[in-house]
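A.B. asks: structure here, sequence nowhere to be found:
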């Protein structure tokens, strides 16, 4: 592939922004809220939270702001960021490649990243997890979706938007658990998820969600 894969991802998200999510929540947002329901009680009031791959800010950044957190959202798509600034005005949004971000150590109490790490080139994902650990305070939390089985591929006309191309690249859940442990994370739970509306190819539906901590005993759960 001659074109920079990150440029393909950026252009793809620019193209499908409104097809992916409107200005208001839809049924697909319920899963995000269920995950956040697990995370939010674990965080101090007003805690700084980083949302990597924030999209247009709906529903995650908006929910976190409404819960009183200090939210920073990052997305590679300028279209998504422009929408997020309008839809969730109380948060801070940055248009950037998440793998190139720089934050001070211990800047955040939590990091969330839903359906975003899987678009980062695979060779950059383990260093990205290391950076996330650096950005979290001791006892901080990371909640994200990654691969359950290993797969990489390209989809044309993503979400039935003519000309929209998207790239996926992910390892399997055992590899992510290994990378997380190597970077000082303890997996609190991990569970398989599917992507019924976001991706067409069966292989890219096989993902996993997880919640980690940086200093608590391990706990394994499925389902």
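C.D. replies: That came through, no problem. This is a predicted model, so every value here is computed, not measured.
A.B. asks: in contact with residue 35, which residues?
C.D. replies: 112, 114, 143, 209, 211 (C-beta atoms under 8 Å, 6 or more residues apart in numbering). C-beta coordinates here come from the backbone N, C-alpha and C atoms, glycine included.
A.B. asks: spatially central residue for this protein, please.
C.D. replies: residue 113 (2.0 Å; C-alpha atoms, centre = their mean).
A.B. asks: how about that one: which residues does it bridge to?
C.D. replies: Here residue 113 sits in beta bridges with residue 144, going by DSSP bridges.
A.B. asks: any idea how far residue 89 is from it?
C.D. replies: When distance is defined by C-beta to C-beta, to the nearest Å, residue 113 is 22 Å away from residue 89.
A.B. asks: which helix or strand contains residue 9?
C.D. replies: If you go by DSSP states H and E, residue 9 is part of helix 5-20.
A.B. asks: that helix: what's the following helix or strand?
C.D. replies: helix 29-39.
A.B. asks: report how many residues lie close to residue 142.
C.D. replies: 27 (other C-beta atoms under 10 Å).
A.B. asks: so who does it touch?
C.D. replies: Applying C-beta under 8 Å, 6+ apart to residue 142 gives the contacts 110-113, 132-133, 136, 180, 185, 210-212.
A.B. asks: among the residues you listed, which lie within strands?
C.D. replies: The members of the contacts of residue 142 that map onto strands under DSSP state E are 110-113, 136, 210-212.
A.B. asks: and which of the contacts of residue 35 is nearest to residue 168?
C.D. replies: The closest of these to residue 168 turns out to be residue 114 (C-beta to C-beta; 14.3 Å).
A.B. asks: which residue packs closest to that closest one, ignoring adjacent ones?
C.D. replies: residue 145 (5.2 Å; C-beta to C-beta, 6 or more residues apart in numbering).
A.B. asks: was I right about the one you found contacting residue 117?
C.D. replies: Yes. Applying C-beta atoms under 8 Å as the test, residue 145 and residue 117 come out as touching, 7.3 Å apart.
A.B. asks: and the nearest residue to residue 122 once chain neighbours are set aside, bridged to which residues?
C.D. replies: Nearest residue to residue 122, sequence neighbours excluded (C-beta to C-beta, 6+ apart): residue 169, at 4.4 Å. Residues in a beta bridge with residue 169, per DSSP bridges, are residue 152.
A.B. asks: residue 169 against residue 119, yeah?
C.D. replies: Yes. The pair residue 169 and residue 119 qualifies as a contact (C-beta under 8 Å) at a distance of 7.2 Å.
A.B. asks: list the contacts of the residue nearest to the centre of the chain.
C.D. replies: Residue 113 sits in contact with 51-53, 98, 142-145, where contact means C-beta under 8 Å, 6+ apart.
A.B. asks: can you count the residues close to residue 175?
C.D. replies: 16.
A.B. asks: what helices and strands are in contact with the helix or strand hosting it?
C.D. replies: Residue 175 belongs to helix 173-182 when elements are defined using DSSP H and E. Applying 3 or more C-beta pairs under 8 Å, 6 or more residues apart in numbering; DSSP states H and E, we find helix 173-182 packed against helix 122-135, strand 136-147, strand 186-193, strand 207-213.
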